[in-house]
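Peer 1: Fold the following and give me the result.
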Amino acid sequence: MPSFYFFAYLTVIALFIMRALLRPNREPSSRLAWVMIMVLVPGLGMIAYVFFGETNIGRERAARYKQIAEVTDALIAQAADTTHKGLPSGDRYELVARRHAPIFRTGQSISEFRPVGGNTAEVMHDSVDAIDRLVADIDAATDHVHVLFYIWLDDVSGLRVVEALRRAAQRGVTVRAMADDLGSRKLVRSEHWTSMERAGVRTARALPLGFLLLHPIRGRVDLRNHRKIVVIDNRITYCGSQNCADAAFRVKAKFAPWVDMQVRFEGPIAVQNQWLFVQDWMAHVDEDLRDLPRIPPEQSVAGGVIAQVNGTGPTVRASAMPEMFEALLHAARDSLTITTPYYVPTEAMQSSICAAAYRGVRVRFVVPKRNDSWIVAAASRSYYHDLLDAGVEIFEYPKGLLHTKSLVVDEDLAMIGSANLDRRSFELNYENNILFQHEALAQAVLARQEEYIADSHRVTIEEVEAWSVWRRLWNNTIAMIGPVL
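Peer 2: Reported below is the predicted structural model:
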């Protein structure tokens with residue numbers, strides 16, 4: 001009898017390993033990591049695989065997202081062909097430099113959005129400035145305000161936005177507010193959330209948690225909506241790394257301040273962010289908003305900031321976000337400056353960064369000195385030696401948690417948004433970025449990156465080679481099982 005149970009146990013392990021090996025859209029390193037975990041600690045490994053092994057958002061929600069995306073993608077394509085004016089021949093790619101067109105085409109393949117001109121934009125001075133401007137824009141709204149945040153805290157900044165939304169709803173503006181059910185769990189269960197509802201704000205929780213033990217059936221508990229979207233009157237939008245919270249970020253105060261970059265855009269690019277909000281809203285709320293995102297004809301002109309929204313997530317094409325980053329990395333000819341709080345790249349991305357440095361591009365890479373995730377900190381540093389050996393300049397920022405996600409190519413092309421350069425952003429989270437071509441705006445982002453660099457410690461290859469064997473072993477081991485963690 002014991003031999004029967006042992007054989008059954010081995011059979012179950014084998015079935016789990018086969019499942020891990022046969023899942024589509026998974027890198028070989030991810031398959032290897034899961035197989036290794038299930039062989040070394042089979043009981044815990046199989047339990048972990050049930051909860052975290054597959055990018056499963058739940059059949060019902062996945063079907064709803066797919067259905068909504070099919071409808072909105074068709075509308076987006078139709079709108080792109082009928083609402084844009086002021087172009088020499090009607091080809092949207094005449095807006096962008098020829099060498100940048102393939103990057104924008106990569107973006108269009110993800111979210112259907114083509115580059116749009118006629119935008120103005122400015123980089124907010126800091127987190128307080130961003131909240132000040134946001135509240136002022138909400139107070140000036142005349143038709144609607146839409147907000148979606150991953151983390152929304154009941155601190156000074158968070159409650160200032162709550163009160164602004166309440167005021168807007170009370171004066172007759174349509175207000176819709178969505179927050180991730182895990183990242184904003186305290187606020188969405190608080191009196192502040194219900195006070196917005198009483199004032200007339202329409203609310204929704206993104207990816208509601210429910211009963212934890214049912215998540216293997218309903219979808220992974222750690223698939224989250226990490227987007228930060230604000231759209232006001234189809235005309236103003238914000239994009240960047242900042243959540244709706246103070247820089248002091250009291251939930252992780254010992255790593256504070258959170259250092260973010262937020263860009264305020266005005267123009268037709270707001271409608272592309274609107275489409276992302278509409279898709280997220282309709283996936284959770286039985287309300288049809290398909291007729292809402294429309295570009296007023298007077299906004300539809302060439303010139304100004306040329307921009308494109310990229311929205312990715314578990315129900316979007318696998319590898320979409322890393323493809324976007326890699327397209328930018330390969331496009332660099334002279335300079336490439338990257339800031340990210342979390343660096344756990346795909347093998348292709350690590351190779352792309354090194355390749356840029358090898359071909360003579362000046363590559364600068366800025367990360368926080370103290371990371372709020374010890375796992376990410378160890379995994380990130382496992383890549384330092386190869387980056388430095390290729391000629392990449394690495395800077396560690398010591399004045400808080402550098403949370404800015406930004407990439408500037410050749411001082412005229414840049415991307416900012418919510419996505420980190422890690423596997424969570426690539427595979428598990430819903431993310432939103434804006435890619436733009438505009439020399440002055442790209443250089444404004446670059447100037448902020450230069451400020452980070454000026455305050456940072458430059459890491460040398462001698463320092464990394466002086467690390468102890470145990471430290472290198474720890475970093476490399478964590479990186480090896482990064483696809484699991």
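Peer 1: only C-alpha atoms for contact and neighbour calcs from this point on.
Peer 2: OK.
Peer 1: Run through the helices of the stretch 1-150 of the chain in chain order.
Peer 2: Under the criterion DSSP state H, counting those that start in this stretch, helices of the stretch 1-150 of the chain are mapped to 2-22, 28-40, 42-52, 59-82, 101-111, 127-140.
Peer 1: Now tabulate those helices in TSV and tack on distance to Ala177 and mean neighbour count.
Peer 2: Shown next, in TSV, are the helices of the stretch 1-150 of the chain (distance: least, CA to CA, whole Å; neighbours: other CA atoms under 10 Å):
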stretch	distance to Ala177	mean neighbour count
helix 2-22	38	14
helix 28-40	36	17
helix 42-52	29	17
helix 59-82	19	16
helix 101-111	22	19
helix 127-140	12	18
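Peer 1: Going by mean pLDDT, which of those comes out lowest?
Peer 2: Here the lowest mean pLDDT among the helices of the stretch 1-150 of the chain goes to helix 59-82, at a mean of 73.
Peer 1: Domains in the protein, by residue range?
Peer 2: Structural domains assigned to the chain are 2-52, 59-98+116-305, 320-480, following automatic domain parsing.
Peer 1: want to try a markdown table for these, with distance to Phe104 as columns?
Peer 2: Formatted as a markdown table, the domains of the chain follow (distance: least, CA to CA, whole Å):
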| stretch | distance to Phe104 |
| --- | --- |
| domain 2-52 | 23 |
| domain 59-98+116-305 | 8 |
| domain 320-480 | 8 |
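Peer 1: Need the contact partners of the one helix or strand Arg472 maps to.
Peer 2: Using DSSP states H and E, Arg472 falls within helix 469-480. Around helix 469-480, the neighbours that count as contacts under CA atoms under 8 Å, 6 or more residues apart in numbering are 29, 33, 344, 375, 378-382.
Peer 1: out of these, which is most surrounded?
Peer 2: Val344 (26 neighbours; other CA atoms under 10 Å).
Peer 1: and that residue, what pLDDT?
Peer 2: 93.
Peer 1: so how many other residues sit close to the residue lying closest to it once chain neighbours are set aside?
Peer 2: Of all residues not flanking Val344 in the chain, Asp422 sits nearest, at 4.2 Å (CA to CA, 6 or more residues apart in numbering). The local packing of Asp422 (other CA under 10 Å) involves 21 other residues.
Peer 1: got a list of what Asp422 touches?
Peer 2: Per CA under 8 Å, 6+ apart, neighbours of Asp422: 342-346.
Peer 1: who's in contact with Met178?
Peer 2: Contacts of Met178 were listed using CA under 8 Å, 6+ apart, and they are 147-149, 203-206, 281.
Peer 1: quick one: secondary structure of it?
Peer 2: Look at Met178: counting by DSSP: H, G, I helix; E, B strand; the rest coil, its state is strand.
Peer 1: again, but for Asp286
Peer 2: Going by three-state DSSP: Asp286 is coil.
Peer 1: can you tell me how far it sits from Ile68?
Peer 2: Between Asp286 and Ile68 the computed distance is 11 Å (CA to CA, to the nearest Å).
Peer 1: Distance of the residue nearest to Val344 relative to Met321?
Peer 2: Plainly put, Asp422 is 10 Å away from Met321 if you go by CA to CA.
Peer 1: swap in Leu209?
Peer 2: Applying CA to CA to Leu209 and Met321 gives a distance of 25 Å.
Peer 1: Can you pull out the low-pLDDT segments for the stretch 251-400 of the chain?
Peer 2: Under the criterion pLDDT under 70, the flagged ranges of the stretch 251-400 of the chain are 295-302.
Peer 1: Now do the strands in it.
Peer 2: Assigned strands in the stretch 251-400 of the chain, in chain order: 258-259, 262-266, 305-312, 335-339, 343-344, 362-368, 393-397 (criterion: DSSP state E, counting those that start in this stretch).
Peer 1: and the fourth one, how far out from the chain's middle?
Peer 2: How far strand 335-339 lies from its chain's middle: 17 Å, per CA atoms, centre = their mean, to the nearest Å.
Peer 1: helices or strands up against it?
Peer 2: strand 362-368, strand 406-409, helix 439-454 (3 or more CA pairs under 8 Å, 6 or more residues apart in numbering; DSSP states H and E).
Peer 1: One more pass at 10 Å, please.
Peer 2: In terms of contacts (3 or more CA pairs under 10 Å, 6 or more residues apart in numbering; DSSP states H and E), strand 335-339 is packed against helix 320-331, helix 347-358, strand 362-368, strand 393-397, strand 406-409, strand 413-417, helix 439-454.
Peer 1: Any idea which of those gets closest to Arg166?
Peer 2: Closest approach to Arg166 among those is made by strand 413-417 (26.5 Å; CA to CA).
Peer 1: Report the strands that pair with the closest one, each with its relative direction.
Peer 2: With DSSP bridges as the test, strand 413-417 is paired with strand 406-409 (antiparallel), strand 431-437 (antiparallel).
Peer 1: mind putting those in CSV, mean pLDDT included?
Peer 2: Below are these laid out as CSV (pLDDT from 0 to 100):
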stretch, mean pLDDT
strand 406-409, 98
strand 431-437, 97
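Peer 1: Could you dump those strands into CSV and include mean neighbour count and distance to Ala307?
Peer 2: CSV is the format used below for the strands paired with strand 413-417 (neighbours: other CA atoms under 10 Å; distance: least, CA to CA, whole Å):
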stretch, mean neighbour count, distance to Ala307
strand 406-409, 26, 14
strand 431-437, 24, 4
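Peer 1: Format those as CSV; extra columns: distance to Pro314.
Peer 2: Shown next, in CSV, are these (distance: least, CA to CA, whole Å):
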stretch, distance to Pro314
strand 406-409, 22
strand 431-437, 10
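Peer 1: Now tabulate the contacts of helix 469-480 in a markdown table and tack on distance to Leu21.
Peer 2: Output for those, formatted as a markdown table (distance: CA to CA, whole Å):
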| residue | distance to Leu21 |
| --- | --- |
| Ser29 | 11 |
| Ala33 | 11 |
| Val344 | 22 |
| Ile375 | 25 |
| Ala378 | 27 |
| Ala379 | 24 |
| Ser380 | 26 |
| Arg381 | 28 |
| Ser382 | 26 |
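Peer 1: Among those, pick out the one closest to Thr72, please.
Peer 2: Checking the contacts of helix 469-480 against Thr72 with CA to CA, the nearest one is Val344 at 32.2 Å.
Peer 1: Over to the residue positioned nearest the centre of the chain. Which of the three states is it?
Peer 2: In the chain, the C-alpha closest to the average C-alpha coordinate belongs to Ala419, at a distance of 2.5 Å (CA atoms, centre = their mean). Following three-state DSSP, Ala419 is assigned to coil.
Peer 1: Determine which of the strands paired with strand 413-417 approaches Ser3 most closely.
Peer 2: strand 431-437 (49.2 Å).
Peer 1: which of Leu209 and Met321 has more neighbours?
Peer 2: Set side by side, Leu209 and Met321 show more neighbours around Met321, with 28 against 19, by other CA under 10 Å.
Peer 1: Which residues are in contact with the nearest residue to that one once chain neighbours are set aside?
Peer 2: Among residues not flanking Met321 along the chain, Phe426 sits closest, at 5.5 Å (CA to CA, 6+ apart). If a contact means CA atoms under 10 Å, 6 or more residues apart in numbering, then Phe426 has 312-314, 318-323, 344-346, 419-420 as its contacts.
Peer 1: Could you check the pLDDT of Phe426?
Peer 2: Phe426 is assigned a pLDDT of 89 by the prediction.
Peer 1: Phi, psi for it please.
Peer 2: Main-chain dihedrals, Phe426, degrees, to the nearest 10: phi -70, psi -40.
Peer 1: circling back to that earlier point, Val464 is nearest to which of the strands paired with strand 413-417?
Peer 2: Taking these one by one with CA to CA, strand 406-409 is closest: 24.6 Å.
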